[in-house]
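Enquirer: return a 3D structure for these sequence lines:
(one chain, ligands or ions: 2)
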Amino acid sequence: MEIKEDGNCFHEVKITDQDGLLRTIKVPVVQQLALNGLKHLPDRYINVSPDHPVVSSSVPDPSQTFPAIDVAQLRIGPGSEGLGQAQELVKLARVAKEWGLFLIVNHGIEDSILRGVEDVVRGFFGLSFEEKKLSVGTYMNVDNTGYGQNFVRQVMEEYVEGARKVCNHLLEALAESLSLEKHVFLRNLDCKSSEINVRVNYYPQCPRPDLSLGITPHSDGSALTFLMQFGATGGLQLLKDAKWVTVPWPENMLLVGVGDLLEIMSNGRLKSAWHRAATNADRERLSVALFYNPPSEAEIEPVKVEGPSNESYKKVIVGDYMRNFYKISPTIDKQAINFAKI
Ligand SMILES: O=C(O)CCC(=O)C(=O)O
Ligand SMILES: [Fe+2]
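Expert: Residues are numbered from 1 along each chain as shown. Ligands and ions are numbered 1, 2, ... in the order given. I've put the predicted structure just below:
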């Protein structure tokens, strides 16, 4: 819920404190702070630590190759073009293992749909505080500091359905690229009750991007996360080989990330990306994240292969995993996944 007091706007958030008591705290609405021409960063937003130094959001290290995956190539059947598919699968396995994230091209989602999503999201964040607060929602029964409800439902539907198809192909391709049976991941999702949750992130210009993050480090509790961004690039950063790097993500491309549930299903062959979002002094940035998950009652288990077992992950019920994920996050390093480790 949101309230306005002394000309300032706040989200009212219910939290359970250290003594287990339910308390209501007021969190200033960051977009409003930015609109009021914030010059100094309030202390509460300082969240860059020496362990997590800021990295420049300029162009990433050119020695890091981050090829885009051609989804149309992945779909090509056997025959003369099969070679293209095989090469694309090798590329997919490499980039997914190295980065836990990959760009996609030729995904088949029409540009008009992508622009439609951008328009509606930008339109929403352009509304007044009073108009926006009508859409404040809850998630996992917790008051959220975001806007949850129906504001983008219609235009999102087409996008989400397009994204679902692409994710289904990618899950098959990822299994094949790891020399696993094609349906081994998808069979956990391939039903009507699989969930796609949408989160829209708005990062206003920030007076001290060196001190403040847009989103603190986390992995996504999804199977796959399907991302688009607009406004600026260079905001998404990944902990790669123990260093924070800016993901080389051009503004007009879609990006897909491996989430914790796929790490479990793949028995650690793929690792979920430990990532964060930086802020930017001159430009606002927006992103739309679709989290593709098996239904919460589904039980997922690490893929089995012939021969002696080297399993390090165990069966989990998706809903139990997610409850633990939200209970313990945010954490400094990747801990939620331990819930599913043997
Ligand atoms: O804004 C981004 O690029 C990343 C957003 C993100 O990590 C998330 O919503 O989980
Ligand atoms: Fe994320």
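Enquirer: let me see the mean pLDDT of stretch 241-253.
Expert: Stretch 241-253 carries an average pLDDT of 91.
Enquirer: after the lowest-mean-pLDDT helix or strand in the chain, next one along is what?
Expert: Least confident helix or strand, the chain: strand 142-147 with a mean of 47, by mean pLDDT, DSSP states H and E. Using DSSP states H and E, the helix or strand that follows strand 142-147 towards the C-terminus is helix 153-177.
Enquirer: so whichever residue of the chain sits closest to ligand 1, which of the three states?
Expert: Of all residues in the chain, residue 287 sits closest to ligand 1, at 3.3 Å by C-beta to the nearest ligand atom. Where you see a C-beta, it was placed from the backbone N, CA and C, and this is true even at glycine. Classification of residue 287 using DSSP: H, G, I helix; E, B strand; the rest coil returns strand.
Enquirer: residues of the stretch 151-300 of the chain that sit close to ligand 1?
Expert: The stretch 151-300 of the chain has residues 199, 201, 215, 220, 227, 229, 235, 236, 275, 277, 287, 289 near ligand 1, with proximity defined as C-beta under 6 Å from any ligand atom.
Enquirer: please enumerate the helices of the stretch 1-150 of the chain.
Expert: Along the stretch 1-150 of the chain, the stretches classed as helices by DSSP state H, counting those that start in this stretch are 30-35, 71-75, 82-99, 111-125, 129-133.
Enquirer: report pLDDT for residue 297.
Expert: In this model, residue 297 is scored at 91, pLDDT.
Enquirer: so what's the residue count around the closest residue to residue 116 other than its chain neighbours?
Expert: Closest residue in space to residue 116, ignoring its immediate chain neighbours: residue 155 at 4.8 Å, by C-beta to C-beta, 6 or more residues apart in numbering. As a burial measure, residue 155 scores 18 neighbours (other C-beta atoms under 10 Å).
Enquirer: list the contacts of residue 155.
Expert: Contact analysis of residue 155 by C-beta atoms under 8 Å, 6 or more residues apart in numbering lists 113, 116, 117, 119, 120.
Enquirer: tell me the one of the residues you listed nearest residue 297?
Expert: Of all the contacts of residue 155, residue 297 sits closest to residue 117, with 29.5 Å by C-beta to C-beta.
Enquirer: OK, contacts around that closest one?
Expert: Contacts for residue 117 (C-beta under 8 Å, 6+ apart) come out as 152, 155, 156, 159, 228, 288.
Enquirer: switch the cut-off to 10 Å
Expert: With contact taken as C-beta atoms under 10 Å, 6 or more residues apart in numbering, residue 117 is in contact with 109, 152, 155, 156, 158, 159, 160, 198, 200, 228, 230, 288.
Enquirer: distance to residue 176 added to those residues, as CSV?
Expert: Shown next, in CSV, are the contacts of residue 117 (distance: C-beta to C-beta, whole Å):
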residue, distance to residue 176
109, 22
152, 34
155, 33
156, 30
158, 28
159, 26
160, 25
198, 28
200, 32
228, 26
230, 32
288, 28
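Enquirer: please spell out the PyMOL selection for the buried subset of the residues you listed.
Expert: Buried residues within those, by 16 or more other C-beta atoms under 10 Å, are selected in PyMOL with:
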select buried, resi 109+152+155+156+159+160+198+200+228+230+288
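Enquirer: any idea how far residue 300 lies from residue 223?
Expert: Remark: distance between residue 300 and residue 223 (C-beta to C-beta, to the nearest Å) = 8 Å.
Enquirer: out of those two, which sits in the busier spot?
Expert: Higher neighbour count among residue 300 and residue 223: residue 223, with 31 against 23, using other C-beta under 10 Å.
Enquirer: contacting residues around the more buried one?
Expert: Here residue 223 is in contact with 167, 170-171, 174, 185-186, 188-189, 194-195, 258-266, 272, 291-294, 300, 318 (criterion: C-beta under 10 Å, 6+ apart).
Enquirer: repeat for residue 194
Expert: Going by C-beta under 10 Å, 6+ apart, residue 194 touches 164, 167, 168, 186, 188, 223, 292, 293, 294, 295, 298, 318.
Enquirer: could you pull up phi and psi at residue 199?
Expert: Residue 199 adopts backbone torsions of phi -130, psi 130, taken as degrees, to the nearest 10.
Enquirer: that one touches residue 226, doesn't it?
Expert: No - counting by C-beta atoms under 10 Å, residue 226 is not a contact partner of residue 199; they are 11.1 Å apart.
Enquirer: residues shared between the contacts of these two?
Expert: Both residue 199 and residue 226 are in contact with 288, 289, 290, 291, where contact means C-beta under 10 Å, 6+ apart.
Enquirer: for PyMOL, what selects the buried ones among these?
Expert: Here is the PyMOL command that picks out the buried ones among these, judged by 16+ other C-beta under 10 Å:
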select buried, resi 288+289+290+291
